[in-house]
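**Student:** Pasted the sequence and its predicted model underneath.
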There are 2 protein chains.
Amino acid sequence: MPVTLKDVAERAGVSRSAVSRTFTDGASVSAKMRRKVEKAASELGYSPNALASSLTTGRTKLIGLVSNNFHNPIFLEVFDLFTRGLQDRGLRPLLVNLTNETEPDNSVRMLRQYSVDGVVVASSTLPPAFARAFRDADIPVVHSFGRYSSSPQVHVVGIDNVECGRMAARELVKRGYSRIGFLGGPEQATSTQDRFAGFTEELAKHPELDVSHSYATAYSFEAGRAEMQRLLSEGKPIAEAFFCGDDVLSIGVLSAVQDAGLRVPDDVGLIGLNDMEMAAWENISLTTIRQPIRQIIRSSIELVEATLEEPDRYPEARLFPCSVVERKTLRPAP
Amino acid sequence: MPVTLKDVAERAGVSRSAVSRTFTDGASVSAKMRRKVEKAASELGYSPNALASSLTTGRTKLIGLVSNNFHNPIFLEVFDLFTRGLQDRGLRPLLVNLTNETEPDNSVRMLRQYSVDGVVVASSTLPPAFARAFRDADIPVVHSFGRYSSSPQVHVVGIDNVECGRMAARELVKRGYSRIGFLGGPEQATSTQDRFAGFTEELAKHPELDVSHSYATAYSFEAGRAEMQRLLSEGKPIAEAFFCGDDVLSIGVLSAVQDAGLRVPDDVGLIGLNDMEMAAWENISLTTIRQPIRQIIRSSIELVEATLEEPDRYPEARLFPCSVVERKTLRPAP
DNA sequence: TACCGATTTGCAACCGGTTGCAAAAATGAT
DNA sequence: ATCATTTTTGCAACCGGTTGCAAATCGGTA
């Protein structure tokens, strides 16, 4: 039913190769030939089959976009930026939802079956081994928001989560809090682990402080809210200020705190991470650490594209600096 | 480099057809043959090339997922449900981000080039003609959240937006508001138009009421906030209660109202539409009309799958009922 | 053992394109 | 007009699979 190369060739009275050449740029076709073919093609409404051509060219222009975070609103922006960015370069995002799955095997097999040119793993929770599985299958891969390592085995683009942990700690210390809490995302998430590591490392310089920590089960509003409710219900006094693993957690925490009749920042201080759109809303006004999402995604796309050209490119880590955005959920420094 | 059918056939000492058959279910292969082939295949790490086979079978299992709403958090859930649902059925979502584009031509061409088996248009703003362009190109299509019509030309799954408009109007009348406002999404969006139509139709029964309307430029927090700020800055008294086109708009409106020092629901009443997760947050507690997202998406997937089997299936509209969820942004009925 | 029908297997053509190579046509110089 | 050179074109093989058909094998029965 659909019109093929052969149909166009017959209509134009030329060989199939001629038609193929007019649709591949850089090929040698005379102006006259091109006109003939284009006329026939447009009369028939022909457009070349990308998958058939991928068989011989070895390029599908498909990029696997693998993520496991479909509950954090920041990821809507992540998907928006990734899909737009890829489209603008003529690449097609094949979306893989990894919810409830932590082994790479299925995704690797599936994306190999579809001959994707490359893969972007967009996740701050999956371990480096996950992205490595793609490289081991000879699929170019970039891990966005992944764990930084001084000797990365795959390309990583993101932030230095350990440094962010330190940054949050310094901010809380500066403001004179003495009972300080870490309320992280899932304990298995690499970003949680790294932020916690930096946080405690920095606070170890201040042994007089009382430091506690706990974990939410996910990077989501509900999980943050539930974890704070649990802390409050234990009856023990909670920390004066918390570094929450992520803005959406912070906002959940905020709602639990307010429900309990406590005031922010007077009774409880909060600092988040991400600077999502909502953090700036008037009735939230979350003090947070800004993660430069747009730059990370742009750079990820550039890197994956470069890796398509040069598959054996030496693994690289690209880190972008974060900074504190001061709003209204931490008390001022004394 | 990657291992092909031929490699496996040679290793197992059988014909290529034999290998092909062991990997297509329903084909005639003896147990002995199957064992031989599977052994060779697993030794070589073979997995069949889905795109090559699509050439002869005519099925790619790719489904185009087309959307233009990457700013409304509800769509993160929409993408989550769609991708999971499609994956569970062995279908692969090829995501198309339509931001800033309203013509279907590019998407149709691109998705035809990739031989998608079907398309889901997930958008409450695009007109029926958009989805029709896919059907005109002989691509099975389902329009999710699209405009209902008594004689649909393509499959539509969603809600009766006109009825939702009526429902909101009845709710506001019931509570005794006399100055009533409609604050919709973009004026071109079909959902905005339909909700407004139902809303005014119902209010026409109460000529004593003072009804006004205005539009935000997008279904987003910022747009809702900006539009309410504009209304407030005009100096004229604003309505006592608003039907906002969508929850995320309502929340933007809410923040502008609170910034202005007004109290909800005492000074201003709000009713939204969607019942997104955030609407239930304690510090928002939005009274809203619940749209059954999960059912709509599940049904859309079932319908698109059915249409793959039966491309000439008669166009169908599937509508799901909505209901008011009462929280704290409307005053109680007198 | 010979014969019959049912299964299983391989051959070869095909899906919709691309591309190396050699033949054909066009171009330019003399 | 001739010839050398460059450009354009078609042939045919190939990409990685599938499938109709006929030949080969199998199992059972007479």
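**Tutor:** Structure received.

**Student:** what's the burial count for A:F221?
**Tutor:** By the criterion of other C-beta atoms under 10 Å in any protein chain shown, A:F221 has 26 neighbours. Every residue, glycine included, has its C-beta placed from N, CA and C.

**Student:** tell me the contacts of it?
**Tutor:** If you count contacts by C-beta atoms under 8 Å, 6 or more residues apart in numbering or on different chains, A:F221 has them with A:248-249, A:251-252, A:255, B:277-278, B:281.

**Student:** Now intersect those residues with the helices, please.
**Tutor:** A:248-249, A:251-252, A:255 (DSSP state H).

**Student:** Pick out the residue closest to the middle of chain A.
**Tutor:** Centroid check for chain A by C-alpha atoms, centre = their mean gives A:A122 as the closest residue, at 3.4 Å.

**Student:** hey, what's it bridged with?
**Tutor:** A:S67, A:S144 (DSSP bridges).

**Student:** And the pLDDT at it?
**Tutor:** The model reports A:A122 with a pLDDT of 98.

**Student:** In contact with it, which residues?
**Tutor:** For A:A122, the contacting residues are A:65-67, A:69, A:75, A:78, A:82, A:144-145, A:300, by C-beta under 8 Å, 6+ apart.

**Student:** Recalculate using a threshold of 6 Å.
**Tutor:** Counting by C-beta atoms under 6 Å, 6 or more residues apart in numbering or on different chains, A:A122 makes contact with A:67, A:78, A:144.

**Student:** got a winner among those residues for most neighbours?
**Tutor:** Neighbour tally across the contacts of A:A122 (other C-beta under 10 Å): the maximum, 28 neighbours, falls on A:S144.

**Student:** Counting neighbours, which bits of the lengthiest helix in chain A end up buried?
**Tutor:** Longest helix of chain A, by residue count under DSSP H: helix A:293-309. Using 16 or more other C-beta atoms under 10 Å in any protein chain shown as the test for burial, helix A:293-309 gives A:293, A:296-297, A:299-301, A:303-305, A:307-308.

**Student:** again with stretch A:207-227
**Tutor:** Those would be A:211, A:213-216, A:218-227, for stretch A:207-227 by 16+ other C-beta under 10 Å.

**Student:** Just give me how far it sits from the chain centre.
**Tutor:** 22 Å (C-alpha atoms, centre = their mean, to the nearest Å).

**Student:** Also stretch A:285-294?
**Tutor:** For stretch A:285-294, the distance to the chain centre is 15 Å (C-alpha atoms, centre = their mean).

**Student:** is that stretch up against chain B anywhere?
**Tutor:** No. Stretch A:285-294 does not reach chain B (C-beta under 6 Å from any C-beta of the partner chain); its nearest approach is 10.3 Å.

**Student:** Mean confidence (pLDDT) on that stretch, please.
**Tutor:** Here the average pLDDT along stretch A:285-294 is 97.

**Student:** and if you look at stretch A:57-77?
**Tutor:** When pLDDT is averaged over stretch A:57-77, the result is 95.

**Student:** on that earlier part again, so which of the contacts of A:A122 is the closest to A:V325?
**Tutor:** A:V78 (18.7 Å; C-beta to C-beta).

**Student:** element containing that closest one, please.
**Tutor:** helix A:74-88 (DSSP states H and E).

**Student:** tell me the angle the next helix or strand after that helix makes with helix B:74-88.
**Tutor:** With elements assigned by DSSP H and E, the helix or strand that comes after helix A:74-88 is strand A:92-97. Interaxial angle of strand A:92-97 relative to helix B:74-88 (axes from the mean of the first three to the mean of the last three C-alpha atoms, to 10 degrees): 90 degrees.

**Student:** List of residues touching strand A:92-97?
**Tutor:** Around strand A:92-97, the neighbours that count as contacts under C-beta under 6 Å, 6+ apart are A:61-66, A:83, A:86, A:107, B:83-84, B:92-95.

**Student:** Restrict the helix or strand following that strand to CA atoms and write it as PDB.
**Tutor:** Counting by DSSP H and E, the next helix or strand C-terminal to strand A:92-97 is helix A:105-113. Extracted C-alpha coordinates of helix A:105-113, given in PDB (Å, rounded to 0.1, in the frame of the first residue of the first chain):
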ATOM      1  CA  ASP A 105      19.300  -6.400  30.800                       C
ATOM      2  CA  ASN A 106      15.800  -5.900  29.500                       C
ATOM      3  CA  SER A 107      16.500  -2.400  28.300                       C
ATOM      4  CA  VAL A 108      19.700  -3.300  26.700                       C
ATOM      5  CA  ARG A 109      18.200  -6.200  24.800                       C
ATOM      6  CA  MET A 110      15.300  -4.200  23.700                       C
ATOM      7  CA  LEU A 111      17.300  -1.200  22.600                       C
ATOM      8  CA  ARG A 112      19.700  -3.400  20.700                       C
ATOM      9  CA  GLN A 113      16.800  -5.000  18.900                       C
END
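
**Student:** returning to what we had before: out of the ones in helices among the contacts of A:F221, which one sits closest to B:M1?
**Tutor:** Distances from B:M1 to those, taken by C-beta to C-beta, are shortest for A:V248, at 42.1 Å.

**Student:** Next, the contact list for that closest one, please.
**Tutor:** A:72, A:221.

**Student:** go on, the one 4 residues further on?
**Tutor:** With contacts defined as C-beta under 6 Å, 6+ apart, the neighbours of A:G252 are A:221, A:224-225.

**Student:** And the residue of the stretch 101-250 of chain A closest to chain B?
**Tutor:** Residue nearest to chain B within the stretch 101-250 of chain A (C-beta to the nearest C-beta): A:Q113, separated by 4.2 Å.

**Student:** pLDDT score for that residue?
**Tutor:** pLDDT, A:Q113: 97.

**Student:** Next: A:V29.
**Tutor:** 89.

**Student:** go on, A:T99?
**Tutor:** With respect to pLDDT, A:T99 scores 89.

**Student:** Equivalent analysis for A:P207, please.
**Tutor:** pLDDT, A:P207: 97.

**Student:** So it: helix, strand or coil?
**Tutor:** coil (DSSP: H, G, I helix; E, B strand; the rest coil).

**Student:** Tell me the spacing between it and A:S178.
**Tutor:** 12 Å (C-beta to C-beta, to the nearest Å).

**Student:** could you measure the residue of the stretch 101-250 of chain A closest to chain B against DNA strand D, distance?
**Tutor:** For A:Q113, the distance to DNA strand D equals 8 Å [C-beta to the nearest atom of the strand, to the nearest Å].

**Student:** Specify which member of the ones in helices among the contacts of A:F221 is nearest to A:E234.
**Tutor:** A:G252 (17.5 Å).

**Student:** How far away from the center of its chain is stretch A:255-267?
**Tutor:** That offset, for stretch A:255-267, works out to 31 Å (C-alpha atoms, centre = their mean).

**Student:** meant to ask about stretch A:41-54, not that
**Tutor:** Using C-alpha atoms, centre = their mean, the offset of stretch A:41-54 from its chain centre is 34 Å.

**Student:** got it, and stretch A:75-84?
**Tutor:** 9 Å.

**Student:** Need phi/psi at whichever residue of the stretch 201-334 of chain A sits closest to DNA strand D.
**Tutor:** At 15.8 Å from DNA strand D, A:P311 is the closest residue in the stretch 201-334 of chain A, using C-beta to the nearest atom of the strand. With angles defined as degrees, to the nearest 10, A:P311 sits at phi -60, psi -30.
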